[in-house]
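I need the structure of the sequence given here:
(4 chains)
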Protein chains: 2
Amino acid sequence: MPLDERKAKVLQAIVDDYVSTYEPVGSKALIERHNFAVSSATLRNEMAELEKMGLLEKPHTSAGRIPSDKGYREYVNSLMRVDALTDTEKMEIESRINSSMSDVREILRNATATLSETTGFVSLAMTPRLNTSYLTQLKLLMIEPGKALVVMVLSAGVVKDKIVRIPNFLTGEQIREISDSVEKSLSGMPLDEITLITLASSVKESEIPDALLNQVIYEAYTAIKQADKLDVYLEGEHRMLSLPDFSEMDRARDLLGTLSQDGMVAGYVNEIEKAKSDDKNAYMVRIGQEIAIEGLEDCSFITTTYQMGDMISGNIGIIGPKRMDYSKVISQINFVRHKLNDELKRLTGE
Amino acid sequence: MPLDERKAKVLQAIVDDYVSTYEPVGSKALIERHNFAVSSATLRNEMAELEKMGLLEKPHTSAGRIPSDKGYREYVNSLMRVDALTDTEKMEIESRINSSMSDVREILRNATATLSETTGFVSLAMTPRLNTSYLTQLKLLMIEPGKALVVMVLSAGVVKDKIVRIPNFLTGEQIREISDSVEKSLSGMPLDEITLITLASSVKESEIPDALLNQVIYEAYTAIKQADKLDVYLEGEHRMLSLPDFSEMDRARDLLGTLSQDGMVAGYVNEIEKAKSDDKNAYMVRIGQEIAIEGLEDCSFITTTYQMGDMISGNIGIIGPKRMDYSKVISQINFVRHKLNDELKRLTGE
DNA sequence: TTTGGCACTCAGAAAGGTAGAGTGCTAACA
DNA sequence: TGTTAGCACTCTACCTTTCTGAGTGCCAAA
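Below you'll find the predicted structure:
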């Protein structure tokens, strides 16, 4: 059901006006602000039809119209134009990106902080999905009797470490021996493919008793599996309190309460990611009720994907009120993504 | 100016009532709830005097009294009794403490989450102050030409790592050589005492050209210095929105805005820490205006110190409304601190 | 199909009116 | 000298009422 041209123009105008004023827009106000070659009565008819189609709704009988979720969806899918940012806007963002950081997590944090500041909304970043990355080095270091440190260097230069318990009487020499043979046979293997079995078979010809060996192997295995745990950074929750959309305490409370639930945001972003097209530059938009999480009915998610080398990627995006300037925010996210990609390339490349 | 017995009792009763009802308490209500052997008129006189002394104030002429900051201070210093928690309360907390974590940061996070949940306020934890800890191991691992990994194991089993740039043509063998001699001469040295000079002198007799060596040394130095950077975990900001104290949007916004300012909380907790007595079990209370940070006029900080081994410590505590049940909250913090100490001992000890 | 006109609706601001909890003060009392 | 009852006064919180204006739907004419 493609909208005829005038309806499209009306919907677009209503979304634009409502986004910038947060006031339900009536037929008269619409005429005043936009160059429609028809009268307010005609617009009233159009608006009534758009309402029947489910694209607009009325807060109450004698108020103007506001876009419904479906209306925003139509707007995002067909009506809006995503422009590049102006040079000033770009510089604004660039000036906040710190290019001297040498740690992936710091870079991500910096990017989220920037994104939240520029959009004025909550921003989020997922840590990179490391399951597709491969091991380049794995060392077991003896810390003290009974305790060893597993240090993993992954492709794209990510480092993970974990302290593990080992049998008390294993010597540093024995640990080094295990470490060397594990590293030799696993380096180059994607984390995904490392199992207890591949791991165990990597140290077949050792003279260390099996029972001891198995314990070390098992601990190393948990360390490796733990390395690709996803984490999420949220930033700027307090900014939502400045939005008229959440000026009622109850909504604000629900929103921040929901956002602070452990794993909530990460889980949802993962869900979105699965449904994503293959285009690496694609962005995903989820609006209002589409999100189906209590407390986020008035919000939209916009996420996109950053790259860290060819194989590793992660998500970055924002959570804002569904009444937002989608085209602008998408441009901003795109640009920050771009800068983030650059930073990560600087870190891992060269 | 010690309060006479009756005044003390009045102040105490007013603080207790106000904390539990969030209503200014008047002379009549006071009589009804507490067993004063005098009439409301007498109490009115007492209250007027307490107001003159600056311990009480009136929101407006015809309202009851509420404690001033000075009133709370008097209450905290002299009037309240800090009781142990009941067994039920203890179990409540214990059930939230996860005893299977193997990482300091996770343990701290778990403790802050627990603390925020039990108090209903914002909780905070500072990462341990590592400047007094000493190096037990330091390894330089070659990742690829031009890049190496510094892995440091500190006393109390904390591990830090950082990727650093090194001259392209240094070999793995050379790196190992530097690594070994640095480790040999620095292990056992407190981070505080490691300087560029001690570091440089630890590899005097090498055959690697000075210029290259110096670059590696410098990078290692930055890695070491970065290891004791303090971080702060905040948890449960959204809970403040449920308090009547912050039911006005403006206050809530100011509060969360201030809390999210980078370094704000960490800086203040550090300041408090400096002023602390030597007693390791001491807690510090800062009330309202005493804090002197815009946006926190209606808040109080309560912090205390956790221990990680003998030498290393950090802070944990809460930020709540100044209208809080100080004695209960202090008990809760103490108990969580206690549990946290246990967890850290489990991790580092044995 | 578009338009002007009109009766109707309804949220939100403004204004007024009470109720009630609380105060300070005074004068009497033990 | 400290305590108490009584009283006039104050002021917020809450309720109700009124009014205004933006907006709608519908109808009949262009």
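
hmm, whichever strand or helix holds residue A:255 touching chain B?
Residue A:255 is part of helix A:249-259, with elements assigned from DSSP states H and E. Yes - on the criterion C-beta under 8 Å from any C-beta of the partner chain, helix A:249-259 is in touch with chain B at A:249, A:252, A:253, A:256, A:257, A:259. The way it works is simple: take the backbone N, C-alpha and C, and place the C-beta from them, glycine included.

try stretch A:297-309
No - in terms of C-beta under 8 Å from any C-beta, no part of stretch A:297-309 sits within range of chain B; the closest distance is 13.2 Å.

Please state the offset of that stretch from the chain centre?
Centroid separation for stretch A:297-309 versus its chain: 4 Å, with C-alpha atoms, centre = their mean, to the nearest Å.

What residues of it count as buried?
The neighbour-count check on stretch A:297-309 (16 or more other C-beta atoms under 10 Å in any protein chain shown) flags A:297-309 as buried.

what number of residues lie near whichever residue of the stretch 151-300 of chain A sits closest to DNA strand D?
Closest to DNA strand D within the stretch 151-300 of chain A is residue A:249: 14.7 Å, counting by C-beta to the nearest atom of the strand. Counted with other C-beta atoms under 10 Å in any protein chain shown, the neighbours of residue A:249 add up to 16.

Return the residues in contact with it.
Applying C-beta atoms under 8 Å, 6 or more residues apart in numbering or on different chains to residue A:249 gives the contacts B:241, B:247, B:249, B:252.

Find me the pLDDT at the last one, would you?
We note a pLDDT of 95 for residue B:252 in this prediction.

Next, residue A:54: phi, psi?
phi 90, psi 10 (degrees, to the nearest 10).

how about the nearest residue to it once chain neighbours are set aside, secondary structure?
Excluding the flanking residues, the one nearest residue A:54 by C-beta to C-beta, 6 or more residues apart in numbering or on different chains is residue A:70, at 4.9 Å. With DSSP: H, G, I helix; E, B strand; the rest coil as the basis, residue A:70 sits in helix.

List the buried residues in stretch A:339-350.
Buried-residue list, stretch A:339-350, by 16+ other C-beta under 10 Å: A:339, A:340, A:341, A:343, A:344, A:347, A:348.

burial measure for the residue in chain A that DNA strand C sits nearest to, as a count.
As assessed by C-beta to the nearest atom of the strand, DNA strand C sits closest to residue A:62 within chain A, at 2.6 Å. Close neighbours of residue A:62, defined as other C-beta under 10 Å, add up to 8.

repeat for residue A:91
11.

Local confidence estimate at it?
Turning to residue A:91, the model gives it a pLDDT of 97.

So it lies in a strand, does it not?
No - applying three-state DSSP, one finds residue A:91 to be helix, outside a strand.

So what touches stretch A:338-350?
A:93-94, A:97, A:99, A:101-102, A:104, A:107-108, A:111, A:114, A:156-157, A:306-309, A:316, B:146.

So which of those residues belong to helices?
Here DSSP state H is the test, and the contacts of stretch A:338-350 give A:93, A:94, A:104, A:107, A:108, A:111, A:114 as lying in helices.

Using CSV, lay out these together with neighbour count and distance to DNA strand D.
What follows is the ones in helices among the contacts of stretch A:338-350, written out as CSV (neighbours: other C-beta atoms under 10 Å in any protein chain shown; distance: C-beta to the nearest atom of the strand, whole Å):
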residue, neighbour count, distance to DNA strand D
A:93, 20, 35
A:94, 13, 40
A:104, 22, 50
A:107, 23, 46
A:108, 27, 44
A:111, 27, 40
A:114, 24, 37
